[in-house]
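below are the sequence and a predicted model for it; my questions follow.
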Amino acid sequence: MPGPVHEALDALPLVDHHCHGVVTADLTRGEFEALLTEGGTWPGSGVSPFDTPVGVAVRRHCAPLLDLPRHAGPEEYLARRAELGGGEVARRFLTAARTGVFCVDTGYAAQRLTPPAELAAAAGGTAYEVVRLESVAEEVAAGGVEADAYGAAFRAAAERAVRRPGVVAVKSVAAYRTGFDLDPARPAPAEVTGAARRWLARGGRLADPVLMRHLLWTAVDLGLPLQLHTGFGDSDIRMHRVDPTHLTDWLHLTAGTIPVLLLHCWPYQRQAGYLAAVFEQVYLDVGLTLHHVGPARARAVLEEALEITPFRKLLYSSDAFGVAEFFSLGALAFRRGLAALLQDRVDADELSLPDALRVAAWAGADNARRVYRLSGG
Amino acid sequence: MPGPVHEALDALPLVDHHCHGVVTADLTRGEFEALLTEGGTWPGSGVSPFDTPVGVAVRRHCAPLLDLPRHAGPEEYLARRAELGGGEVARRFLTAARTGVFCVDTGYAAQRLTPPAELAAAAGGTAYEVVRLESVAEEVAAGGVEADAYGAAFRAAAERAVRRPGVVAVKSVAAYRTGFDLDPARPAPAEVTGAARRWLARGGRLADPVLMRHLLWTAVDLGLPLQLHTGFGDSDIRMHRVDPTHLTDWLHLTAGTIPVLLLHCWPYQRQAGYLAAVFEQVYLDVGLTLHHVGPARARAVLEEALEITPFRKLLYSSDAFGVAEFFSLGALAFRRGLAALLQDRVDADELSLPDALRVAAWAGADNARRVYRLSGG
Amino acid sequence: MPGPVHEALDALPLVDHHCHGVVTADLTRGEFEALLTEGGTWPGSGVSPFDTPVGVAVRRHCAPLLDLPRHAGPEEYLARRAELGGGEVARRFLTAARTGVFCVDTGYAAQRLTPPAELAAAAGGTAYEVVRLESVAEEVAAGGVEADAYGAAFRAAAERAVRRPGVVAVKSVAAYRTGFDLDPARPAPAEVTGAARRWLARGGRLADPVLMRHLLWTAVDLGLPLQLHTGFGDSDIRMHRVDPTHLTDWLHLTAGTIPVLLLHCWPYQRQAGYLAAVFEQVYLDVGLTLHHVGPARARAVLEEALEITPFRKLLYSSDAFGVAEFFSLGALAFRRGLAALLQDRVDADELSLPDALRVAAWAGADNARRVYRLSGG
């Protein structure tokens, strides 16, 4: 069954255009399970994060990399993981991912996670950084700023942040904070000041719709590619508000400016594909989704994600966070899913083999290299 | 092709956690067709409910249980059905369903349908009851109540209703009456009184958003699992308003209280799976859907429903109503669809056989037993 | 693998119930690419419309009809196309489509496109006409009309337009102009006058919600079947506003009047199927979608479109526009996709062969003949 497309994807060093660091400290079972799921852990409920598609995928595909039999049980898995230690575990999974480039979101829980350079070193790859704009805004607020200075101060802080070496993109989690059903227009300075006044008085994380619009338009001004969390995530998402087609008017207004990369997308992978098909600046991935659905369903999700999507618009990401398993599992699910999809089309003579190999290389690495202007191999 | 997972599911007595009674009286062709579809019947239109996925599934899988050849025509099918009589027909299909437990919604068209005990007796199983809260509210209104007493009167009536022996859950059809895009907060007593005044003056069925919120919060107070009609149903649904992720804020507010069981779910099975993955209290089934799409598509729907859903969160229901065929067909579609899904994963070594057997037993029976605290086998 | 259902569909002259004319003038690469995609063309971006599912499908399935090898490259393809000339190219693809009847939307870019009679002549088939109501309204406005006379003038112009020989249906692109989240009620004459005053003063295309409701209700008065663009289209769509279930209240109000045909539908093919299952007057197709996803995914989309849809409710359309390739490709994707779906069900004994052949003939031709009251074969 495996054929030349599988071989090509297996040999291709991936560009993981969106991921996070891992925790190399020792993890209790509860801590590991909390990282395994987008939900909570529910001790005593009888519902274990191991009894999920991603849980069985970890036991099937990650256990052998820890020298355990396939489908090893949770206890055995966690004992062996502890025995090897977080550093060795990370090294094994990161190596197995055969990923050459990591674009790391450093804006969330950074103190718990391996920094980009360390992550890349464990994998023998190169790291770049993605600046999470909500974190920049919240640092500006935490540092003390007058409401009427907030707009300029955030813009200046963002500019400083992206000017650091190795920064290739910015990211927004507007999906979590307000959803995408926002007024698409750039807010006037007086609106920004008013909204900043309310936010700074109230405190808490940035979730004001005017300030979120200001943040998205600041991303346009910064000129770097913008990654947008889309769809699947934890219970903080209001899924019906993060259909990315809510962004249509904003995409019209910002056409010709910055690339926009829709992350994860499930269950809106078709809607994301539609946007990628009609807007020059829109790209997408199904990271996070692929390891959560596991290799058993990764191809099905990719089939929908690619239904009308131009082949230069699909990117690979793991969206691994916390546990190194997800680097390995995300890469495996992507490689096998995409290879199966393409090879079957070749076998049915719906696609030529050279075209299939081209699409595989584009999605696995080259599309990200183009969008982020990465150098070399 | 069939393997050990098929054998295990075939041998497992199912727990049907949501169903209705059947009509054992003689049915005209028009009456039978009306029960076969969620739409109307359209005599003279040239569109017969037999010419649908569920219609061909009945002719294929139910005809042999009436001693007819597979794919028997509608006339022949109905003639044989009439010849055997409703009681014998019910007995045959209920027996074929190999269902050990039925949780029966008794709140709709109860006078036309076999009561739970009779249904279970025909199947050789056990019956429990599910109380439909809108029916309780409408009985309170019909019995005469002052607006300012409505809130307490409904609560008291609901408490009486659920205290009867055999009641294991309550149900709401908020999806039909208001949709799920409701203010999540518990309404204040004065709001309830005002809304009750308007409803009691106007009459008709309960469809007021304040009273619907009051009903859902009363369900929380009752403490029993709450079944929620979700997605697919008749033309009374406004589908775009019943995406279950509209319930996210309410689920946050009610976390730690009662289990919430999303019924049917199609075409929102992925959204339902997301909620089940991130909220401890959320469960789902694809009942009703499975027999309407038929065995030819049941697996595809289950694949989506299980994409990220924890394996302890999927339940079986037939949602059979009116015609006993749906008990048999729902059970068949579930058993074959789930077995094919799991067995293929075992064959591809994505899942161990013991895990597959565990998931099959959980979804087919044990998850419902846990949620509803049912005893025995 | 191919079986009797494939043979039957291959031999069946299709009824293409919704299409447009083609451009027979010479096309530059840019012009051809612009017709190949629902997006823009993005010269210099490195993203070519050939590197898409529809692009590879054209190279695979259309190249041989121009005497080229399968998977011929874009340059070679376009050179041969130019060499043969637009007329010969159109003749080849239209003949290959084996379509007996074309219902042609003449309301968009008509001056660039072959008129219906010429299109049908090239195919050896028969042409009917579909009147696009927004174009009628805009002609009324362009011709000069007082605001208080607009309602009657539009109605009269629409009546004249549909009285012409060969007109079998009307069409609305409300999806593009306002979306479907409209007040379902027929607007009062004073509302229409007020809205017309604003529109006539402002100019531009018709996109006023009151006038759009007036247009849809005028379609009811006209009494002909109404085609509604639904879902997939260019970047002018706000996808989240064109879920066809937003039409539910309007469908209730207009039940018993005119057939409503939902066109394209993707990614809302399940929602469209739901409406077709519960409303007598609703039909659907997945035209446009089938050639854009290509033969590799046409079956998957048809599977979802047919999940619960009554078999008398699915129609075939190509929605070909501009390039004759889409007549051939749409027909191929439909025939192969539907045949594979049905034949597999026959092979699994889920469907009898006579039933499968009946469904194939209905969807490919007879359903459209019934809805549009077309004569003959």
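That came through, no problem. Residues are numbered from 1 along each chain as shown, chains lettered A, B, ... in the order given.

so A:Val136 makes contact with A:Ala158?
Yes - counting by CB atoms under 8 Å, A:Val136 touches A:Ala158, with 5.1 Å between them. Glycine gets a C-beta too; all of them are placed from N, C-alpha and C.

the residue nearest to A:Ala96 when sequence neighbours are not counted is in what secondary structure piece?
Nearest non-adjacent residue to A:Ala96, counting by CB to CB, 6 or more residues apart in numbering or on different chains: A:Ser328, 4.3 Å away. Per DSSP states H and E: A:Ser328 is located in helix A:325-347.

elements contacting that helix?
Helix A:325-347 sits against helix A:4-11, strand A:14-19, helix A:53-57, helix A:86-96, helix A:289-293, helix A:295-305, helix A:353-361, with contacts defined as 3 or more CB pairs under 8 Å, 6 or more residues apart in numbering or on different chains; DSSP states H and E.

helices or strands next to the fourth one in the packing?
The one in question is helix A:86-96. helix A:116-123, helix A:325-347.

returning to what we had before: got the angle for the helix holding A:Ser328 vs helix A:4-11?
With axes from the mean of the first three to the mean of the last three CA atoms, to 10 degrees defining the directions, helix A:325-347 sits at 160 degrees from helix A:4-11.

export helix A:325-347 to PDB, keeping only CA atoms.
Extracted in PDB, the C-alpha atoms of helix A:325-347 (Å, rounded to 0.1, in the frame of the first residue of the first chain):
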ATOM      1  CA  GLU A 325       4.500  13.200  21.900                       C
ATOM      2  CA  PHE A 326       2.400  15.700  19.800                       C
ATOM      3  CA  PHE A 327       5.400  16.600  17.600                       C
ATOM      4  CA  SER A 328       5.900  13.000  16.700                       C
ATOM      5  CA  LEU A 329       2.200  12.200  16.400                       C
ATOM      6  CA  GLY A 330       1.300  15.300  14.500                       C
ATOM      7  CA  ALA A 331       4.000  14.700  11.900                       C
ATOM      8  CA  LEU A 332       3.000  11.000  11.600                       C
ATOM      9  CA  ALA A 333      -0.700  11.800  11.100                       C
ATOM     10  CA  PHE A 334       0.100  14.500   8.600                       C
ATOM     11  CA  ARG A 335       2.600  12.400   6.600                       C
ATOM     12  CA  ARG A 336       0.400   9.300   6.500                       C
ATOM     13  CA  GLY A 337      -2.800  11.100   5.900                       C
ATOM     14  CA  LEU A 338      -1.500  13.300   3.100                       C
ATOM     15  CA  ALA A 339       0.500  10.500   1.500                       C
ATOM     16  CA  ALA A 340      -2.600   8.200   1.500                       C
ATOM     17  CA  LEU A 341      -4.700  10.900   0.000                       C
ATOM     18  CA  LEU A 342      -2.300  11.700  -2.700                       C
ATOM     19  CA  GLN A 343      -1.100   8.200  -3.500                       C
ATOM     20  CA  ASP A 344      -4.700   7.000  -3.900                       C
ATOM     21  CA  ARG A 345      -5.300   9.700  -6.400                       C
ATOM     22  CA  VAL A 346      -2.100   8.700  -8.200                       C
ATOM     23  CA  ASP A 347      -3.200   5.100  -8.200                       C
END
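
in it, what counts as buried?
By neighbour count with 16 or more other CB atoms under 10 Å in any protein chain shown, helix A:325-347 contains the buried residues A:325-346.

and what of stretch A:363-377?
Residues of stretch A:363-377 classed as buried: A:363-372, A:374 (neighbour count, 16+ other CB under 10 Å).

what does chain A put close to chain B?
Counting by CB under 8 Å from any CB of the partner chain, chain A comes close to chain B at A:37-40, A:42, A:45-49, A:51-54, A:56-57, A:60, A:70-71, A:232, A:234-235, A:237-240, A:266-267, A:292-297, A:300-301.

in the stretch 101-250 of chain A, which spans are helices?
A:116-123, A:133-143, A:147-163, A:174-177, A:189-202, A:209-222, A:248-253 (DSSP state H, counting those that start in this stretch).

pipe those into CSV and attach distance to A:His17 and mean neighbour count per row.
Shown next, in CSV, are the helices of the stretch 101-250 of chain A (distance: least, CB to CB, whole Å; neighbours: other CB atoms under 10 Å in any protein chain shown):
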stretch, distance to A:His17, mean neighbour count
helix A:116-123, 13, 20
helix A:133-143, 17, 19
helix A:147-163, 16, 17
helix A:174-177, 17, 22
helix A:189-202, 30, 16
helix A:209-222, 16, 22
helix A:248-253, 19, 17
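
so which of the ones you listed is nearest B:Ala201?
Taking CB to CB, helix A:209-222 is the member of these nearest to B:Ala201, at 38.5 Å.

okay, the angle between that closest one and helix A:147-163?
Using the same axes, to 10 degrees: helix A:209-222 against helix A:147-163 is 40 degrees.

which SS class is the residue in the stretch 251-377 of chain A that chain B sits nearest to?
Residue of the stretch 251-377 of chain A nearest chain B, by CB to the nearest CB: A:Pro267 (3.9 Å). Classification of A:Pro267 using DSSP: H, G, I helix; E, B strand; the rest coil returns coil.

and the spatially closest residue to it that is not a sequence neighbour, what element?
Leaving aside its chain neighbours, A:Pro267 sits nearest to B:Arg270 (3.9 Å; criterion: CB to CB, 6+ apart). Assessed by DSSP H and E, B:Arg270 sits inside helix B:269-278.
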